[in-house]
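Have a look at this fold, sequence not included:
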């Protein structure tokens, strides 16, 4: 490839261990809980993330599944950051 008269070559590395949001966020009211879980069957160069949104009981524990989505890694990070800005906090809870 020629750019401004010089030969320029770019090598892009996509890596196989891309960080992904993995955990659980609880909304400020304590009424919703969302789990982020990496899809183990997605290709390493195009990872997908499952999000599982739950209604919660009075203890903040999952009480009923509202929805499940499979999204791209960049969408998952956008969602994770957006929720934290909106007041959702990371909580420790084992899904599955």
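Okay, I see it. These figures come from a predicted structure and were not determined experimentally.

Quick check: which ranges of the protein have low pLDDT?
Within the chain, the stretches with pLDDT under 70 are 1-18, 94-96.

partners of the strand ranked longest in the chain, with directions?
For the chain, the strand with the greatest residue count under DSSP state E is strand 62-72. If you go by DSSP bridges, strand 62-72 pairs up with strand 48-56 (antiparallel).

Buried residues in the partner strand, which are they?
Across strand 48-56, burial judged by 16 or more other C-beta atoms under 10 Å covers 48, 49, 50, 51, 52, 53, 54, 56. Backbone N, C-alpha and C define where each C-beta goes, glycine included.

Report the central residue of the protein.
residue 76 (3.3 Å; C-alpha atoms, centre = their mean).

need the contact list for that one.
Counting by C-beta atoms under 8 Å, 6 or more residues apart in numbering, residue 76 touches 20, 21, 36, 49, 51.
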